[in-house]
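[1] sequence and predicted model, in that order:
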Amino acid sequence: MAPTAEFCGIDPEQLGQLATSLRGSADRLTAFSREFEGKLRQNGVEAPALREITDIADWGGRQVSMLHDRIDLIKTLGNGAPELGGAGGAASMSAGGQGLIRLPDELKDFDIAQGLARMYGEDILVSFHGESQAKLIHEHIDKVAKLAENPQAAAAFFALLSPKVRDSLPNLIANTGSKTAKQDLAAFSKALGAALNAPALIPAFAQVRADLVKPADNKAAAWNRLALLKGANAPSDVRSAAARALALDDFAKKPRQDWRAGGPAETKAHGLPSDLVAMGLEVLAEDGAAVRDAFAKMGGAEVTLSRTDKMKLFLDYAKEAGTGDQVADAFGRVLEAGSEATTEKPGQHSPEAAAFALDAIKVTGSFGADLPTVASDSMGVIAKSYIHELASGARFDKAVYRDSGIGVPENWVHLPPVTPAFYLSPGDTYRFLKTFVGDKGVTDDFDATAAQFRHDTLTAAARLDAQGATRYFEDTAKMFGDLAGVQFKATLEVRGEMDATDDLIRDIVKNTVSFGIDGIPIAGEIVTAGWELAKAYGAGAALDGVTDRIETRVEQATGARADFVLRLKYNMASLLHNADYPASTPPTELINKNTGNLKSYDELTAEAKQEASDDKKWEQVLQEKLEPYERWMDSNRKLDDKAEDASTYQASERSKEEISIWD
């Protein structure tokens, strides 16, 4: 077939005819050369040209062998089964309906793939054992990894590898005792992933693909397939189909059974869980589309459970099984993926991801602090990504009676630029916060996100209020006060009063002493300090019982008791001024010369401590510095009232107490 711009084809039958013709020609040339060379020698005549003819004939003979090998390869690769989800097979891979096998015109990599398949499948993995086998596997592993550069060649490799060897790769590699087992399996997985992601399947690989997504004969075989797929970065449909067929469909039908499948050698060598359910989840993790598809189809028509019921199955199993931590850890990352928590921007989530996240938040929240600890970091990731929804969910000013759902609650008032994709009830918000506030590191990460979101949202609200007679700033401050109060209440419940309050004090002290005087204040520290103040203000009565302890802690670090209320008011005033809310020009001494912004309470405190002397305590110096601040605010009544109201609204004692009703 003549080459075209798209494709170059080989007809095995015609290629066979060419090989036969070449063989006949080579034989005739050899016979001719021998006959005439003999006659010429009888007459004493040398004929070097005849030896060249013999060489040509020999070359032709060698080419015949190569062509027949090539024909066998092409026929083998062309013997395909229908593709996953398609009607194809060899016919679907042909060109122009002429039955020609659609393969790339560069077949060198196919020869390499065939050689590797023979070497591993017929020699290394079946004829060697122990240390020597491990050495041979690793010695050629770079060639396997390199197959990923040519997806069709990678597909040929797996198509030519015997199914028995292919389905046992993780086990065979681990049993060698190899120290590079994890790296070696990763190379095979990488090549498999390339083959699965190829734009068009080699017909014979279609059968491989079909085998990977059908139920295995036993749990050990299923574990091996999932282990090979784990690092393959397979397409979403393959991940979903394999995870379901090899583990999750049966789990949805009959969760109460022994799901241990990976042996000690395999799990240790590859760093993978032994639990088959966990392995199914591992294959889904990091692919949101695969996760959502799997939960939609899990169990097939026999299982009528809702998505939330299916989610609960995994958490119930994780709480009961000896391998529960493996399941919970993988399940947490599956929820991250299905929610697109790391791939979509907060406030801009797609409808399908948001609907999944809503279910995930409600289900995990129903476990609260009893959620397996290993899943808490994933809940923190979801919380950061869905900060718009959590902030809105903590609101007590409107529709406090609401149920969680996608629809906008009755009588709801939007607060720009907060753009939730769904609306949580205060109770669901509170319960979900309890899933991760017990972990200080996870909570700190969430607090950093909440602090920045609070700062940016209040700044945007102040700018909107500057353009008209709106009260977005006060209402937004109230929302964050509610969130801070609900979070603190959740922390009290999970960690206890002493731990929660001491932690809050440490953070406030840390942020207080971090402010410089001559240098430019670090924006992140200012932003974080504002959120810590909001939480301290929201803690309200919870802090009253530990006043002496607070004074002692703060005095040890800063020399004085922190005035939370006063600091929060100045924080509000700074946000308004920095957002260009209408006001007169502040006195020069109140402006940071490096940033041009109004100085914060902490900056003024730091200055006061530096300027203090034996004759004048720093508290007196601070009072003198705050006097022009207060005079300036008093002269700008709108800004002053707004800052006062916003700081008052942010006292979220109400939300902390009311949550007991709506939880």
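    Looks like it came in fine.

[2] what sits up against stretch 336-355?
    284-288, 290-292, 295, 356-357, 360, 378, 381-382, 384-388, 406, 417-422, 449, 453 (C-beta atoms under 8 Å, 6 or more residues apart in numbering). For every residue, glycine as well, the C-beta is placed using N, CA and C.

[3] nearest residue to Leu192 in space, ignoring adjacent ones along the chain?
    Excluding its sequence neighbours, the residue lying closest to Leu192 (C-beta to C-beta, 6 or more residues apart in numbering) is Ala232, at 4.7 Å.

[4] what's downstream of the helix or strand of the chain with the lowest mean pLDDT, the next helix or strand?
    Lowest by mean pLDDT, DSSP states H and E among the helices and strands of the chain is helix 547-558, with a mean of 45. Counting by DSSP states H and E, the element after helix 547-558 in chain order, helix or strand, is helix 564-578.

[5] one step back: are any of the contacts of stretch 336-355 buried, and which?
    Neighbour counting by 16 or more other C-beta atoms under 10 Å classes 284-288, 290-292, 295, 356-357, 360, 378, 381-382, 384-388, 418, 420-422, 449, 453 among the contacts of stretch 336-355 as buried.

[6] which of those residues fall within helices?
    284, 288, 290-292, 295, 356-357, 360, 378, 381-382, 384-385, 387-388, 449, 453 (DSSP state H).

[7] list the contacts of the residue most central in space within the chain.
    Nearest residue to the geometric centre of the chain (C-alpha atoms, centre = their mean): Glu286, 4.3 Å. Glu286 makes contact with Arg333, Ala337, according to C-beta under 8 Å, 6+ apart.

[8] could you redo the last one with a cut-off of 10 Å?
    Neighbouring residues of Glu286 by C-beta atoms under 10 Å, 6 or more residues apart in numbering: Asn233, Arg239, Arg333, Val334, Glu336, Ala337, Thr342, Thr343.

[9] quick check, Gln257 in contact with Ala247.
    No. Applying C-beta atoms under 10 Å as the test, Gln257 and Ala247 come out as separate, 11.4 Å apart.

[10] out of those two, name the residue with the larger neighbour count.
    Ala247 (28 against 10; other C-beta atoms under 10 Å).

[11] give me the nearest residue to the more buried one, chain neighbours excluded.
    Excluding the flanking residues, the one nearest Ala247 by C-beta to C-beta, 6+ apart is Gly280, at 3.3 Å.

[12] any idea which element the one you found lies in?
    Assessed by DSSP H and E, Gly280 sits inside helix 276-284.

[13] so Ala194 touches Ala148, yeah?
    Yes. Between Ala194 and Ala148 there is a contact under C-beta under 10 Å: 3.9 Å.

[14] okay, stretch 113-126 in CSV with CA atoms only?
    Output of stretch 113-126 as CSV, limited to C-alpha atoms (Å, rounded to 0.1, in the frame of the first residue of the first chain):
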residue,chain,number,x,y,z
ALA,A,113,9.5,-4.6,22.7
GLN,A,114,9.3,-8.2,21.3
GLY,A,115,12.9,-8.9,22.5
LEU,A,116,12.1,-7.5,26.0
ALA,A,117,8.9,-9.5,26.2
ARG,A,118,10.8,-12.7,25.3
MET,A,119,13.6,-12.0,27.6
TYR,A,120,11.4,-11.3,30.6
GLY,A,121,8.5,-13.5,29.9
GLU,A,122,10.3,-16.6,28.6
ASP,A,123,13.6,-16.3,30.5
ILE,A,124,14.3,-13.9,33.4
LEU,A,125,10.9,-14.2,35.1
VAL,A,126,10.6,-18.0,34.6
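
[15] now do that stretch: distance to the chain's middle.
    Distance, stretch centre to chain centre, for stretch 113-126: 35 Å (C-alpha atoms, centre = their mean, to the nearest Å).

[16] what about that stretch, average pLDDT?
    Across stretch 113-126, the average pLDDT comes to 92.

[17] then stretch 474-494?
    Computed over stretch 474-494, the average pLDDT equals 91.

[18] where does the stretch 1-150 of the chain dip in pLDDT?
    Scanning the stretch 1-150 of the chain for pLDDT under 70 picks out the ranges 1-106.

[19] how about 80 then?
    Along the stretch 1-150 of the chain, segments meeting pLDDT under 80 span 1-108.

[20] thinking again about what came up before, does anything pack onto the helix holding Gly280? Which helices or strands?
    Helix 276-284 is packed against helix 219-230, helix 236-243, helix 249-253, helix 288-297, helix 307-320, helix 324-338, with contacts defined by 3 or more C-beta pairs under 10 Å, 6 or more residues apart in numbering; DSSP states H and E.
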